[in-house]
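Colleague: Sequence below, structure please.
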Amino acid sequence: MLDRKTKLSRLIQLGLEVNQISDLDVLLEKILSEARNLVHADAGSIYIKEGDTLKFSYSQNDTLQAKLKPGKKLIYTTFSMPIDNHSIAGFVANNGSTSNIPDAYKISSALPFSFNSDFDKKVGYHTKSILTVPLTNNRKQIIGVLQLINAQDDNDKIISFMDEDEPLIIHFANYAANAIERAQLTRTTIMRMISMAELRDPKETGAHVNRVAAYSLELYEAYARKKGIPQDQIDSQKDALRMAAMLHDVGKVAISDLILKKPGKFTDEEYETMKQHTLLGAQLFRGARSEFDEIAEEVALNHHERWDGKGYPGHINIATGKPLEGHMDNEGHALGKKEEEIPLFGRIVALADVFDALSSKRVYKEAWDEDKVLEAIHEGAGSQFDPELVELFLDITDVLKSIQHRYPDN
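Modeller: As a prediction, the model looks like this:
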């Protein structure tokens, strides 16, 4: 366990770190991991306030994670509960007070709430100590709840959360709440951009882009673990990649409705115009001022390239849209990028985007069944997709299915 001085020093540093994360999902993961580390908690959850309810938005559990095969991730489902005094999290959100429970199975009958043991029974876990604090912003508004479960001593024995740790977690929760609000604003801004694209192209829904972004993140993490990429680089790039993946088709806002909303097959000329959305999207992020700009440009430009070099827009000058010297065919068209000429994040989002398109219902087709989708992805290895990424992708299908449930089409 960390000593008091180390905890205070780490708390100050965490205030800076969480403020540097822009994507909401990446931020929730960071907040929960660091809060647990501060007090050596085995598990925890974050609930975000949505109207009069709390949405179970993120969860971690080291004990259950340890039971999985290496590289596998814990699957959880989201749900909502009312903000009232009947649940621990609801009570904390309703009253704005901290709850420190030594034993979840021995809660006093004088308290209005009780512990729901259904999860413990279902997965074979035993919840004991629970520290639950409100996520309160600078305006003293409660935007959610942070719940930490099963504090541990240096020998990993379950103990009660120490009273002296409560102020630390409350202080960190305040940092976290303000960071969450900023990330929510960023997400809202991005979703408004997506809504603009959806007005032009009905396929570009909020659910679709959230799924593509979440798939891309899981695939990148699997790739990064395999390649031994340093954790700080992974964390930094995850933040930018998720937002960039959500905006992969933002260039479609500049394509004519006559083409975007055409019910039938494109003519050759229309298809060439449609392909311009990759370039137009990349041009929105030119003159990169941040890692996000760089990755967003990379994703927008390259997510329709193919491993075999038959994709688009190929080797072009982003500023002019013209083919690069030495990268043209006999007719003066840009040659497609192939294999590792395609930047990594372009290869990742290309795979995630096709997977979601095949798995989802569209006005012109029904959703394919899971086996058919996975077969198509497998068959595309080495032609349409990076074969190494396909192998990793097919190994995380359980996580992909949980993402589909988290972001369903309305």
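Colleague: which residues of the stretch 1-150 of the chain fall in strands?
Modeller: Assigned by DSSP state E, counting those that start in this stretch, the stretch 1-150 of the chain shows strands spanning 41-50, 53-61, 80-82, 99-101, 130-136, 142-152.
Colleague: can you give me the offset of the fourth one from its chain's centre?
Modeller: Taking C-alpha atoms, centre = their mean, to the nearest Å, one finds strand 99-101 lying 30 Å from the centre of the chain it belongs to.
Colleague: just the first one next, same as before
Modeller: A distance of 16 Å separates the centroid of the chain from that of strand 41-50, by C-alpha atoms, centre = their mean.
Colleague: for it, what is the average pLDDT?
Modeller: Average pLDDT, strand 41-50: 97.
Colleague: Figure out which of the strands of the stretch 1-150 of the chain is closest to residue 349.
Modeller: strand 53-61 (22.9 Å; C-beta to C-beta). Every C-beta, even on glycine, is put in place using the N, C-alpha and C of the backbone.
Colleague: Direction included, what does that closest one pair up with?
Modeller: Strand pairing for strand 53-61, using DSSP bridges, gives strand 41-50 (antiparallel), strand 80-82 (antiparallel).
Colleague: okay, the ones you listed, which one's buried deepest?
Modeller: strand 41-50 (a mean of 22; mean count of other C-beta atoms under 10 Å).
Colleague: Now residue 77: closest residue in space, sequence neighbours ignored.
Modeller: residue 405 (6.4 Å; C-beta to C-beta, 6 or more residues apart in numbering).
Colleague: before we move on, back to that, generate TSV for the strands paired with strand 53-61, with distance to residue 383 as supplementary columns.
Modeller: What follows is the strands paired with strand 53-61, written out as TSV (distance: least, C-beta to C-beta, whole Å):
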stretch	distance to residue 383
strand 41-50	41
strand 80-82	43
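Colleague: With distance to residue 28 added, can I get the strands of the stretch 1-150 of the chain in JSON lines?
Modeller: As requested, the strands of the stretch 1-150 of the chain are exported to JSON lines (distance: least, C-beta to C-beta, whole Å):
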{"stretch": "strand 41-50", "distance to residue 28": "5"}
{"stretch": "strand 53-61", "distance to residue 28": "4"}
{"stretch": "strand 80-82", "distance to residue 28": "16"}
{"stretch": "strand 99-101", "distance to residue 28": "20"}
{"stretch": "strand 130-136", "distance to residue 28": "11"}
{"stretch": "strand 142-152", "distance to residue 28": "9"}
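Colleague: sorry, back to before: the residue nearest to residue 77: which element?
Modeller: helix 397-406 (DSSP states H and E).
Colleague: That helix vs strand 53-61, what angle?
Modeller: 170 degrees (axes from the mean of the first three to the mean of the last three C-alpha atoms, to 10 degrees).
Colleague: Can you give me the buried ones in helix 397-406?
Modeller: 399, 400, 402, 403, 404, 406 (16 or more other C-beta atoms under 10 Å).
Colleague: Go ahead and measure how far it is from the middle of the chain.
Modeller: 12 Å.
Colleague: Thought residue 79 was touching the residue nearest to residue 77, still the case?
Modeller: No - in terms of C-beta atoms under 8 Å, residue 405 does not count as a neighbour of residue 79; the distance is 10.8 Å.
Colleague: wait, what's in contact with residue 264?
Modeller: For residue 264, no contacting residues are found, by C-beta atoms under 8 Å, 6 or more residues apart in numbering.
Colleague: Let me know the closest of the buried residues of helix 397-406 to residue 334.
Modeller: Among those, and counting by C-beta to C-beta, the member closest to residue 334 is residue 400, at 32.6 Å.
Colleague: Next, work out how far apart that closest one and residue 374 are.
Modeller: Distance of residue 400 to residue 374, computed by C-beta to C-beta, to the nearest Å: 10 Å.
Colleague: Could you look up the SS state of the most far-flung residue of the chain relative to its centre?
Modeller: No residue in the chain sits farther from the centre than residue 330, which is 42.8 Å out by C-alpha atoms, centre = their mean. Secondary structure state of residue 330, per DSSP: H, G, I helix; E, B strand; the rest coil, is coil.
Colleague: Check the gap between it and residue 20 for me.
Modeller: 49 Å.
Colleague: what about the stretch 151-300 of the chain, any weak spots by pLDDT?
Modeller: Scanning the stretch 151-300 of the chain with the threshold set as pLDDT under 70 gives 197-204.
Colleague: Helices of that one, residue ranges please.
Modeller: 166-200, 206-227, 231-246, 257-260, 268-274, 276-283, 291-302 (DSSP state H, counting those that start in this stretch).
Colleague: Single out the most deeply packed of these.
Modeller: When you average the neighbours per residue for each of those (mean count of other C-beta under 10 Å), helix 291-302 leads with a mean of 23.
Colleague: So which elements touch that one?
Modeller: Here helix 291-302 touches helix 231-246, helix 276-283, helix 344-359, going by 3 or more C-beta pairs under 8 Å, 6 or more residues apart in numbering; DSSP states H and E.
Colleague: when you compare where the second one runs with where helix 344-359 runs, what's the angle?
Modeller: Here the directions of helix 276-283 and helix 344-359 differ by 140 degrees (the same axes, to 10 degrees).
Colleague: what's the answer for the first one, then?
Modeller: Helix 231-246 runs at 50 degrees relative to helix 344-359, counting by the same axes, to 10 degrees.
Colleague: can you list the residues that contact helix 231-246?
Modeller: 21-23, 25-27, 30, 186, 190, 194, 209-210, 212-214, 216-217, 220-221, 224, 290-292, 294-296, 298-300, 345, 348-349, 352.
Colleague: Next: the shortest one.
Modeller: The set of residues that contact helix 276-283 without belonging to it, under C-beta under 8 Å, 6+ apart, is 247-252, 254-255, 297-298, 300-304, 312-313, 316, 318-319, 321.
Colleague: Buried among the residues you listed? Make that a ChimeraX selection.
Modeller: Restricted to buried positions by 16+ other C-beta under 10 Å, the ChimeraX selection for the contacts of helix 276-283 reads:
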select :247,248,249,250,251,252,255,297,298,300,301,302,303,304,312,313,316,318
